[in-house]
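Novice: The following block contains a protein sequence and its predicted model.
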Amino acid sequence: MSLLNSLIMEHQRISFEEGVDLLKFASLDELKSKANAFRFELNPKKEVTFVLDSNPNYTNVCNADCSFCAFYRKPSAKDSYTKTVEQVLEHFEIARKAGLTTVLLQGGLNDDLKIEYYEELVRAVRKYYPDLYPHLFSAPELWNVARVSHLTIEETLKRLWNAGLRSIPGGGAEIISERIRLSISPKKMEPGAWIDVHQTAHRLGYRTTATMMYGHVEEPEDIVNHLEEVRNLQDLYGGFTAFIPWSYKRDRTALRRRVDSWVGDHAYLRIIAFARLYLDNVAHIQASWFSEGRDVGMEALHSGADDFGGIVFEENVHKATGFVHKANHNDVLEMIREAGFEPVQRSMLYQILRRYAPGEIVDLPLSQIEGTSIPRQLSVIGK
């Protein structure tokens with residue numbers, strides 16, 4: 001009997017050492033099969049959730065100089081920008097006209113932006129767009145805001161809570177390992193800062209997501225350690241709504257000189273399946289047609305994932321690497337159905353907003369129709 005079969009039959013939590021062994025040596029088919037079975041234990045219905053969202057940015061000015069990032073700019077760059085609150089609200093207006101429910105807003109680590117900017121932005125969004133859910137500011141941004149505003153992380157999060165913020169995205173985690181941080185993004189935050197920000201947020205009542213960017217200079221032990229950190233924090237507060245992995249995209253980044261090639265589809269499916277088994281206390285694993293391509297995203301729904309992310313109406317970080325996939329509301333419905341599941345629209349906090357009749361097609365706002373069709377087969381840039 002394999003180690004995986006033994007653990008599943010005995011309903012044992014996978015230890016770090018067992019996790020490393022499984023990630024290295026278990027067959028992909030076995031991982032996918034066991035992960036899919038566990039997915040249906042946690043989420044029994046043959047449904048796949050998704051959110052109608054957008055992911056704009058308020059600044060591309062950043063002090064972190066991450067070697068894997070093609071998006072950031074120095075303040076002196078000709079194409080650097082920092083938007084006023086009024087200009088950011090234009091993205092919320094676009095999202096409303098597109099029929100979206102959520103805006104995930106992130107930006108660079110801009111030393112010119114203090115806590116007052118972020119408070120004003122959250123208050124304005126809550127006042128003028130109460131129908132749009134604001135999922136704003138990753139851990140590195142919040143850490144930098146606290147630093148330049150001479151506040152603690154807790155003080156920063158409390159002020160934003162009082163302004164109306166209730167959840168934060170999981171970006172900026174990369175791989176939770178001091179060795180990896182020093183190798184690919186030594187200027188970003190401090191040792192353990194990503195976990196510290198999320199732990200403080202969870203303690204204050206925020207809900208957050210957990211992410212992981214793999215496929216660069218990490219080893220299997222680093223991946224398992226990352227998941228161990230997430231699982232341990234989830235045991236404390238239960239504040240993570242979902243886990244979202246994506247592969248590093250090489251093009252136009254400094255790190256490409258040290259990474260020979262894209263890690264491939266099988267690596268993504270292995271991560272999805274392994275994460276579903278290891279993160280036994282995180283309710284949802286998100287598959288991504290957006291970051292990995294249509295067909296791989298659909299296959300991930302048979303590998304332990306129960307959520308399909310969003311339509312990502314506006315996005316610039318992946319786009320900066322030349323990696324672009326697009327879909328509208330009906331495209332996502334089609335992909336989920338083609339994969340053999342029933343699509344269900346959710347909120348950012350996984351509240352069910354809409355179920356669809358079999359084969360139902362929705363009327364799209366003009367803003368969604370223009371330039372958002374997704375081809376039947378997608379080539380993955382960066383392979």
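Specialist: Nice, thanks for sending it over.

Novice: Next secondary structure element downstream of the strand or helix carrying Ser33?
Specialist: Secondary structure from DSSP states H and E places Ser33 in helix 28-42. Reading on from helix 28-42 to the C-terminus, the next helix or strand found by DSSP H and E is strand 47-51.

Novice: could you say what helices and strands the helix holding Ser33 packs with?
Specialist: helix 3-10, helix 265-278 (3 or more Cβ pairs under 8 Å, 6 or more residues apart in numbering; DSSP states H and E). Placement of C-beta: from N, CA and C, glycine included.

Novice: Would you single out the least confident of those?
Specialist: Comparing mean pLDDT over the helices and strands packed on helix 28-42, the weakest stretch is helix 3-10, at a mean of 65.

Novice: which of the residues in the helix of greatest length in the chain are buried?
Specialist: Assignment by DSSP state H gives helix 220-237 as the longest helix of the chain. For helix 220-237, a neighbour-count test (16 or more other Cβ atoms under 10 Å) marks 220-231, 233-234, 237 as buried.

Novice: neighbouring contacts of that helix?
Specialist: Helix 220-237 is contacted by residues 16, 19-20, 23-24, 173, 175-177, 179-180, 195, 198-199, 202-203, 210, 212, 214, 239-240, 243, 271, 274-275, 278-282 when judged by Cβ atoms under 8 Å, 6 or more residues apart in numbering.

Novice: If any of those are buried, give me the PyMOL selection for them.
Specialist: Selection of the buried residues among the contacts of helix 220-237 in PyMOL, burial being defined by 16+ other Cβ under 10 Å:
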select buried, resi 19+20+23+173+175+176+177+180+195+198+199+202+210+212+214+239+240+243+271+274+275+278+279+280+282
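
Novice: which residue ranges form the strands in this protein?
Specialist: 47-51, 53-54, 102-105, 133-136, 167-168, 207-214, 240-247, 284-285, 307-310, 342-346, 352-355 (DSSP state E).

Novice: by how many degrees do the longest helix of the chain and helix 265-278 diverge?
Specialist: Here helix 220-237 points in a direction 40 degrees away from that of helix 265-278 (axes from the mean of the first three to the mean of the last three Cα atoms, to 10 degrees).

Novice: Export helix 220-237 to PDB, keeping only CA atoms.
Specialist: C-alpha atoms of helix 220-237 as PDB (Å, rounded to 0.1, in the frame of the first residue of the first chain):
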ATOM      1  CA  PRO A 220      10.000  20.600  -3.000                       C
ATOM      2  CA  GLU A 221      10.800  21.200   0.700                       C
ATOM      3  CA  ASP A 222      10.100  25.000   0.200                       C
ATOM      4  CA  ILE A 223       6.700  24.300  -1.300                       C
ATOM      5  CA  VAL A 224       5.700  22.000   1.600                       C
ATOM      6  CA  ASN A 225       7.000  24.500   4.100                       C
ATOM      7  CA  HIS A 226       4.900  27.200   2.500                       C
ATOM      8  CA  LEU A 227       1.800  25.000   2.800                       C
ATOM      9  CA  GLU A 228       2.700  24.200   6.400                       C
ATOM     10  CA  GLU A 229       2.800  27.900   7.300                       C
ATOM     11  CA  VAL A 230      -0.600  28.400   5.700                       C
ATOM     12  CA  ARG A 231      -2.100  25.300   7.400                       C
ATOM     13  CA  ASN A 232      -0.700  26.300  10.800                       C
ATOM     14  CA  LEU A 233      -2.100  29.800  10.600                       C
ATOM     15  CA  GLN A 234      -5.500  28.400   9.400                       C
ATOM     16  CA  ASP A 235      -5.600  26.200  12.500                       C
ATOM     17  CA  LEU A 236      -5.400  29.400  14.700                       C
ATOM     18  CA  TYR A 237      -8.100  31.600  13.200                       C
END
